[in-house]
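In: okay, predicted coordinates and the sequence, questions at the end:
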Amino acid sequence: MVLETKKILYRDLAIEWLNYKKDYIKESTHANYTTIMYNHLIPDIGDVYLSDINHNFLQQYILDKLKTGRVKSNSPLSEKMVKDIMMILKSSLRYAMNEDMMNQINLSFIYPKSQHKQKLYILSRREQRKITEYVLENPNPRNIGILISLYAGVRIGELCALKWSDLDFKNNIIHINKTLQRIYFKEGDNTISKIVISPPKTVHSNREIPMNKDFADIIKPLKINSKYYLLTASMDCIEPRAYRKYFSSVLKKLKIKHINFHSLRHTFATNCINLGIDYKTVSELLGHSDISITLNLYVHPNLSQKKKCMNIIWKNHC
């Protein structure tokens, strides 16, 4: 049965859907949805009628976003970013179909095979040693945060949200139970931002990370007040953008090339894998929702490991 749909523009659906979702998702998630809506979907297809949106239209939209990115620019978007956009687009269209605003359409799509796999930067042993030695010689709270990420794989938002009360020195455990980020949202025609501290994105991100006793002994003397944020040693927090800038200044001082702060987490994970720590343990330490995420990101056997595998199979079965 084909619905006699009204002439509804996608922009009107987008605004209604955002208002509907507000009561069901975290404030930070809603802010992210709003940003994507106003930066991509509304400029791109806001003036398209729902009755004109079909599977072929959306499949072509994916290809266009991968090639040209934002409206009025010629900068391609990553596959992950396009998938994030499509996740929001599909959710809004499902809402429209459920509310009889448009006909049912197929929302399964194909993504072209990526020719360029993004390579994770892993710090060399020399770089890790330089950073570690610098922090141990200058053990202030902001520097210690760098070591916590390098030796415990903590995300920058989780690190910025850490308070001294989250560090249990009796049992030597770091409790990760929140994340800090600056979110952007629309208020009328204005874009407003604020810092929010909320539970991590998934339940698996809530985790306990054991601290080595020697490492705990380095950190503990810096504690002043349990209510203080770890990175600032005060009641005021530092947001990820400012902490990334601080990290960059440390790299510059050490004459290490500029890298993303997230590379510390990648380096931790890679070190764990190379040391033979089982994948399930690594996955839980990182707070991944699925062990497959850990395997896909960090487990890449080299040729010598593959040869070793083939030799073992041959010797044991021939």
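Out: Now that the structure is in, tell me what you want to look at. Computed from a predicted structure; not experimentally measured.
In: only C-alpha atoms for contact and neighbour calcs from this point on.
Out: Fine.
In: contacting residues around stretch 172-190?
Out: 28, 31-32, 34-35, 157-162, 166-168, 191-200, 205-213, 216, 239-240 (CA atoms under 8 Å, 6 or more residues apart in numbering).
In: then stretch 12-25?
Out: Contact with stretch 12-25 is made by 30, 33, 34, 37, 42, 46, 92, 95, 96, as judged by CA under 8 Å, 6+ apart.
In: now that stretch - C-alpha only, PDB.
Out: C-alpha atoms of stretch 12-25 as PDB (Å, rounded to 0.1, in the frame of the first residue of the first chain):
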ATOM      1  CA  ASP A  12      11.000  19.600   9.200                       C
ATOM      2  CA  LEU A  13      11.400  15.900  10.000                       C
ATOM      3  CA  ALA A  14      14.900  16.500  11.300                       C
ATOM      4  CA  ILE A  15      13.800  19.100  13.800                       C
ATOM      5  CA  GLU A  16      10.900  17.000  15.000                       C
ATOM      6  CA  TRP A  17      13.100  13.900  15.300                       C
ATOM      7  CA  LEU A  18      15.700  15.800  17.400                       C
ATOM      8  CA  ASN A  19      13.000  17.100  19.700                       C
ATOM      9  CA  TYR A  20      11.600  13.500  20.000                       C
ATOM     10  CA  LYS A  21      15.100  12.000  20.800                       C
ATOM     11  CA  LYS A  22      15.900  14.600  23.500                       C
ATOM     12  CA  ASP A  23      14.100  12.600  26.300                       C
ATOM     13  CA  TYR A  24      15.700   9.300  25.400                       C
ATOM     14  CA  ILE A  25      19.400   9.900  25.000                       C
END
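In: for the helix or strand bottoming out on mean pLDDT in the chain, C-alpha coordinates in CSV please.
Out: Ranked by mean pLDDT, DSSP states H and E, the weakest helix or strand in the chain is helix 303-317, scoring a mean of 76. Taking Å, rounded to 0.1, in the frame of the first residue of the first chain, the C-alpha atoms of helix 303-317 are listed here in CSV:
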residue,chain,number,x,y,z
LEU,A,303,55.0,-12.6,8.2
SER,A,304,57.4,-14.3,10.8
GLN,A,305,54.4,-15.0,13.1
LYS,A,306,52.5,-16.5,10.1
LYS,A,307,55.5,-18.7,9.2
LYS,A,308,55.8,-19.9,12.8
CYS,A,309,52.1,-20.8,12.7
MET,A,310,52.5,-22.8,9.5
ASN,A,311,55.6,-24.6,10.8
ILE,A,312,53.8,-25.6,14.0
ILE,A,313,50.8,-27.0,12.1
TRP,A,314,53.1,-29.0,9.7
LYS,A,315,55.2,-30.5,12.5
ASN,A,316,52.2,-31.5,14.6
HIS,A,317,50.1,-33.0,11.8
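In: how about that helix: buried residues?
Out: Within helix 303-317, no residue counts as buried by 16 or more other CA atoms under 10 Å.
In: among the contacts of stretch 172-190, which lie within strands?
Out: 167-168, 191-198, 207-210 (DSSP state E).
In: reformat the residues you listed as a markdown table; add pLDDT and neighbour count.
Out: Output for the ones in strands among the contacts of stretch 172-190, formatted as a markdown table (pLDDT from 0 to 100; neighbours: other CA atoms under 10 Å):
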| residue | pLDDT | neighbour count |
| --- | --- | --- |
| 167 | 97 | 24 |
| 168 | 96 | 15 |
| 191 | 78 | 10 |
| 192 | 82 | 11 |
| 193 | 84 | 13 |
| 194 | 88 | 10 |
| 195 | 90 | 14 |
| 196 | 89 | 14 |
| 197 | 91 | 16 |
| 198 | 88 | 16 |
| 207 | 93 | 18 |
| 208 | 95 | 17 |
| 209 | 95 | 19 |
| 210 | 95 | 16 |
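In: pull the most distant pair out of the residues you listed.
Out: 191 and 210 (40.6 Å; CA to CA).
In: show me which of the contacts of stretch 12-25 is closest to residue 313.
Out: Distances from residue 313 to the contacts of stretch 12-25, taken by CA to CA, are shortest for residue 33, at 50.0 Å.
In: how about that closest one: what's its closest non-neighbour residue?
Out: Spatially, and ignoring its direct neighbours in sequence, residue 33 is nearest to residue 88 (6.9 Å; CA to CA, 6 or more residues apart in numbering).
In: what strand or helix carries that neighbour?
Out: helix 79-98 (DSSP states H and E).
In: tell me the first helix or strand C-terminal of that helix.
Out: helix 125-137.
In: mind listing residues that contact that following helix?
Out: Taking CA under 8 Å, 6+ apart as the rule, helix 125-137 contacts 143, 144, 147, 254, 256.
In: moving C-terminal of that helix, what's the next helix or strand?
Out: helix 141-152.
In: okay, the angle between that next one and helix 125-137?
Out: The directions of helix 141-152 and helix 125-137 differ by 140 degrees, with axes from the mean of the first three to the mean of the last three CA atoms, to 10 degrees as the criterion.
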